[in-house]
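*Asks:* Got a sequence here, can you build the structure:
(chains A and B)
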Amino acid sequence: GAGVSQSPSNKVTEKGKDVELRCDPISGHTALYWYRQSLGQGLEFLIYFQGNSAPDKSGLPSDRFSAERTGGSVSTLTIQRTQQEDSAVYLCASSSWTSSYEQYFGPGTRLTVT
Amino acid sequence: AQSVTQPDIHITVSEGASLELRCNYSYGATPYLFWYVQSPGQGLQLLLKYFSGDTLVQGIKGFEAEFKRSQSSFNLRKPSVHWSDAAEYFCALYGGATNKLIFGTGTLLAVQP
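*Replies:* Residues are numbered from 1 along each chain as shown, chains lettered A, B, ... in the order given. Here you go, the predicted model:
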């Protein structure tokens, strides 16, 4: 079946602009995660959604970052007033309710802030 | 504290040679452990996982890993490497109640012809 999809695959933006990154999880997966992969920090957890529960936002690096998940499916990660240090690959993953530890990743969005 | 260490940043092996990538973890209980592979410009693909039971687990693409509790290790192995195995490999630990994966810094594998 279809895996996790993310769009866009690449995004170049100017410092100070807002960007939105989209994730479509695997159909039927109730859990959705965002991670960030950067040269200096490796792979970092950002945020976790499980069903209709309040999201775990403990990994968001600043209040410029936010995410929402509509209808328990598609998620959008928004970065406001982008900074150069936001340049990274943003990875989305999903998992089923019964196997939340087994996460399947999308191809990522490479964000470059100029 | 929960953490994953991959001591080798970069490894080069010859095609057909055996491979072992090291992973050490720190976790207070029985860990759930994973190996992922990432090819250039791609996302992470799950190679194999360990939850409990047999300490030697088999994965896709001919990879296996052995869980050793006494050494807090979960090393990845392959008996004969193919050129297509060149990629970056990440070991990860499931953080339990935190619901997140904790990743090592990765090992970049190069395969010489």
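*Asks:* pLDDT score for B:T98?
*Replies:* Per-residue confidence (pLDDT) for B:T98: 76.
*Asks:* Quick check: it vs B:T105, distance?
*Replies:* Going from B:T98 to B:T105 by Cβ to Cβ, to the nearest Å gives 19 Å. Bear in mind the C-beta positions are built from the backbone N, C-alpha and C, glycine included.
*Asks:* likewise A:G71?
*Replies:* A:G71 sits at a distance of 36 Å from B:T105 (criterion: Cβ to Cβ).
*Asks:* Compare these two and say which is more crowded by neighbours.
*Replies:* B:T105 (16 against 5; other Cβ atoms under 10 Å in any protein chain shown).
*Asks:* you'd agree that one is in a strand?
*Replies:* No: remark: B:T105 does not belong to a strand; assigned using DSSP: H, G, I helix; E, B strand; the rest coil, it is coil.
*Asks:* Contact partners for it?
*Replies:* Shown here is B:T105, whose contacts under the criterion Cβ atoms under 8 Å, 6 or more residues apart in numbering or on different chains are A:42, B:5-6, B:9.
*Asks:* Could you list the contact residues of chain A toward chain B?
*Replies:* Residues of chain A lying close to chain B by Cβ under 8 Å from any Cβ of the partner chain are A:4, A:6, A:31, A:33, A:35, A:42-43, A:45, A:48, A:50, A:56, A:58-59, A:91, A:93, A:100-108.
*Asks:* Let's have the contacts of B:T105 in CSV, adding secondary structure, distance to B:G62 and neighbour count.
*Replies:* Below are these laid out as CSV (DSSP: H, G, I helix; E, B strand; the rest coil; distance: Cβ to Cβ, whole Å; neighbours: other Cβ atoms under 10 Å in any protein chain shown):
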residue, secondary structure, distance to B:G62, neighbour count
A:G42, strand, 27, 16
B:T5, strand, 25, 14
B:Q6, coil, 20, 19
B:I9, coil, 24, 9
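*Asks:* So A:S7 sits against A:E20, correct?
*Replies:* No: the pair A:S7 / A:E20 is not scored as a contact, 9.7 Å apart, by Cβ atoms under 8 Å.
*Asks:* measure A:Q80 to A:D86 for me?
*Replies:* Between A:Q80 and A:D86 the distance, using Cβ to Cβ, works out to 10 Å.
*Asks:* which neighbours do those two share?
*Replies:* Overlap between the contact sets of A:Q80 and A:D86, as judged by Cβ under 8 Å, 6+ apart, is given by A:R64.
*Asks:* More neighbours: those two, which one.
*Replies:* A:D86 (21 against 14).
*Asks:* Thought A:L111 was touching the more buried one, still the case?
*Replies:* Yes: applying Cβ under 8 Å as the test, A:D86 and A:L111 come out as touching, 6.4 Å apart.
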